[in-house]
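A.B. asks: Following is a predicted model, sequence given first.
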Amino acid sequence: MSLLTDPLHPGEVLKELYLDPLGISAITLARRLNVPRTRIERLIKGSTGVTPDTALRLARAFGTTPAYWMNLQLNFDMARATREVDLSGIEPLVA
């Protein structure tokens, strides 16, 4: 898959579209969301994903929906799985 078509990690979206334009740090956001700072720092670094709990909090803070954040995560995970999972040994079933 090309880098141009790969979806961004939700943490990158969070940083580039929300935190940077607002001038908010990960620590400030974590305080506003009432979560450990490491949760937001790890999310921004891409070392962890968005959980339903985090999606609810981000949606409330930024006026989006939880589904927006969960869909970012799902799209990222599916793109990665498509590159990494070998399906060649699975025969399709026909009903």
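C.D. replies: Yep, it's here. Just so it is clear, the model here is predicted, and its values are computed rather than measured.
A.B. asks: contacts, neighbours, all on C-alpha from now
C.D. replies: Will do.
A.B. asks: Point out where the chain drops to low pLDDT.
C.D. replies: For the chain, the stretches flagged by pLDDT under 70 are 1-4.
A.B. asks: run the last query once more with 90
C.D. replies: Residue ranges of the chain with pLDDT under 90: 1-6, 95.
A.B. asks: Can you show me the helices along it?
C.D. replies: Along the chain, the stretches classed as helices by DSSP state H are 10-13, 20-22, 26-33, 37-45, 52-62, 66-84.
A.B. asks: quick one, which of the ones you listed is packed in tightest?
C.D. replies: Of all those, helix 10-13 has the most neighbours on average by mean count of other C-alpha atoms under 10 Å, namely a mean of 20.
A.B. asks: ok, back up a step: export the helices of the chain to a markdown table and tack on distance to residue 93?
C.D. replies: Output for these, formatted as a markdown table (distance: least, C-alpha to C-alpha, whole Å):
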| stretch | distance to residue 93 |
| --- | --- |
| helix 10-13 | 34 |
| helix 20-22 | 48 |
| helix 26-33 | 46 |
| helix 37-45 | 38 |
| helix 52-62 | 33 |
| helix 66-84 | 20 |
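A.B. asks: Tell me which of those lies nearest to residue 95.
C.D. replies: Relative to residue 95, the nearest member of the helices of the chain by C-alpha to C-alpha is helix 66-84, separated by 24.6 Å.
A.B. asks: so which of the helices of the chain comes closest to residue 91?
C.D. replies: If you check each of the helices of the chain against residue 91 by C-alpha to C-alpha, helix 66-84 wins as the nearest, at 16.9 Å.
A.B. asks: other SSEs contacting that closest one?
C.D. replies: Contact partners of helix 66-84 among helices and strands, from 3 or more C-alpha pairs under 8 Å, 6 or more residues apart in numbering; DSSP states H and E: helix 10-13, helix 52-62.
A.B. asks: any idea how far residue 84 is from the residue most central in space within the chain?
C.D. replies: Among the residues of the chain, the one closest to the centroid is residue 10, at 2.6 Å (C-alpha atoms, centre = their mean). Distance of residue 10 to residue 84, given as C-alpha to C-alpha, to the nearest Å: 19 Å.
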